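Asker: Here is my input; please provide its structure:
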Amino acid sequence: MRFVQFKENEKGDEIQLGIERRDGGEIIQIEGTMQELIEGGIEMVTSLKKQLDSDPSASDLKVLQRSKVSLVSPITNPSKIIGIGLNYKDGAAELGKAEPKSPIVFLKLPLTISGTGSMLPLPNSITRQVDWEVELAVVIGKRAKNVDEADALDYVFGYTVGIDYTARDIIATNGGLWTLAKNFPGFSSLGPAIVTKDEIIPFNLKLETRVNGAIKQQGNTSNMIFGIQELISYVSKHIELLPGDVILTGTPAGLGVAKNPPEFVQVGDKIECSVAGIGTIVNTATVARETKS
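Answerer: As a prediction, the model looks like this:
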């Protein structure tokens, strides 16, 4: 099933939960929140599916046309976002890096989350080298600590698309560390939907980035250095994972920083990142407003 969060265009900022009948299709409004759904696990998903299958045209269903709603990130309040660096063979190669012997893990703040259709505010007073990174994002379904690889997929609720925006010049001026470069507002774009794990085989999915219509990245999850099970197991042995947490699993070759000459996101650019079977996130770059508080 495909679960989304959305706002009705004529009803303000209330975030609602829905089932998307297909990518880009009508949305069936359902009660509760995404966090409650994730914590309810497979039993709640199965119950919803049975209800829809038994009477898909029930008169009490509230069905919304896509023109009437705006999607937001399907996850808005995880306890944490886990990032994985240098996890594609071609991605490491184009940067001239050796393949890591164990996963490279970093953290992103939930305040960086945005969704499809959102503007990407470029902090141009601090950086001029914002890069794109399309990623398969794993949504954790239940508490995970010291998980064995063989059991790791049992802890997955579903998958979504992620864009891990990165300010390359800040990495260079911050001792090679990634935290400051990856935690500006809007730098963790997620969406358009969470597709439950029963509908996705995550080991052979195509990923793609387009900027202003031009293909920049094309890759496949089969090219990961560390697979989904390895990542969940490894991270859970160091950091306890909670329902709703997100793991960004790395990005393939095609980074702007690796091009000759290097390319970076500019004001007005339209960034589209896709993962097969899930959908596409679209962000448009704008200038960040500098505010003090």
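Asker: count of residues packed around the closest residue in space to residue 136 that isn't next to it in sequence?
Answerer: Sequence neighbours aside, residue 249 is the residue nearest to residue 136 in space, at 5.0 Å (criterion: CB to CB, 6 or more residues apart in numbering). From N, CA and C alone the C-beta is placed, and that goes for glycine too. With neighbours defined by other CB atoms under 10 Å, the count for residue 249 comes to 27.
Asker: Run through the strands of the stretch 101-250 of the chain in chain order.
Answerer: 104-108, 113-115, 119-122, 130-131, 134-140, 156-164, 166-167, 188-196, 206-211, 214-220, 246-248 (DSSP state E, counting those that start in this stretch).
Asker: which residues are in contact with the second one?
Answerer: Strand 113-115 has contacts (CB atoms under 8 Å, 6 or more residues apart in numbering) with 5, 71-76, 78, 81, 120, 185-186, 188-192, 281, 283.
Asker: Tell me the spacing between residue 40 and residue 155.
Answerer: From residue 40 over to residue 155 the distance is 15 Å, taken as CB to CB, to the nearest Å.
Asker: Counting neighbours, go ahead and name the busier of those two.
Answerer: Neighbours of residue 40 and residue 155, each counted by other CB under 10 Å, are more numerous for residue 155; the result is 22 against 17.
Asker: who's in contact with that one?
Answerer: Contact partners of residue 155, counting by CB under 8 Å, 6+ apart, are 140, 141, 142, 144, 147, 232, 236, 241.
Asker: hmm, 10 Å instead?
Answerer: By CB atoms under 10 Å, 6 or more residues apart in numbering, the residues touching residue 155 are 138, 140-145, 147, 197, 229, 232-233, 236, 241, 243, 245.
Asker: in this protein, which helix has the most residues?
Answerer: helix 34-54 (DSSP state H).
Asker: That helix: which residues count as buried?
Answerer: For helix 34-54, the neighbour count (16 or more other CB atoms under 10 Å) marks 34, 37, 38, 39, 40, 45, 48, 52 as buried.
Asker: Show me what the least confident helix or strand in the chain by mean pLDDT is packed against.
Answerer: Ranking every helix and strand in the chain by mean pLDDT, DSSP states H and E puts helix 34-54 at the bottom, with a mean of 85. Based on contacts counted as 3 or more CB pairs under 10 Å, 6 or more residues apart in numbering; DSSP states H and E, the elements that helix 34-54 packs against are strand 2-8, strand 16-20, strand 27-30, strand 134-140, strand 156-164, strand 188-196.
Asker: In a markdown table, list these along with mean pLDDT, mean neighbour count and distance to residue 170.
Answerer: Formatted as a markdown table, the entries for these read as follows, by pLDDT from 0 to 100; neighbours: other CB atoms under 10 Å; distance: least, CB to CB, whole Å:
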| stretch | mean pLDDT | mean neighbour count | distance to residue 170 |
| --- | --- | --- | --- |
| strand 2-8 | 96 | 21 | 30 |
| strand 16-20 | 95 | 22 | 36 |
| strand 27-30 | 94 | 19 | 38 |
| strand 134-140 | 98 | 27 | 19 |
| strand 156-164 | 98 | 26 | 14 |
| strand 188-196 | 98 | 27 | 16 |
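Asker: low-confidence ranges in this structure?
Answerer: Of all residues in the chain, those with pLDDT under 70 make up the ranges 55-60, 293.
Asker: which non-adjacent residue is nearest the spatially most central residue of it?
Answerer: Computing the C-alpha centroid of the chain and ranking residues by CA atoms, centre = their mean puts residue 162 first, at 2.4 Å. Beyond its immediate neighbours in the sequence, the residue positioned closest to residue 162 (CB to CB, 6+ apart) is residue 137, lying 3.7 Å away.
Asker: what's across from the one you found in the sheet?
Answerer: Beta-bridge pairing of residue 137, defined through DSSP bridges, involves residue 160, residue 248.
Asker: want to try TSV for the helices and strands packed on helix 34-54, with distance to residue 274 as columns?
Answerer: As requested, the helices and strands packed on helix 34-54 are arranged in TSV below (distance: least, CB to CB, whole Å):
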stretch	distance to residue 274
strand 2-8	15
strand 16-20	16
strand 27-30	20
strand 134-140	7
strand 156-164	7
strand 188-196	10
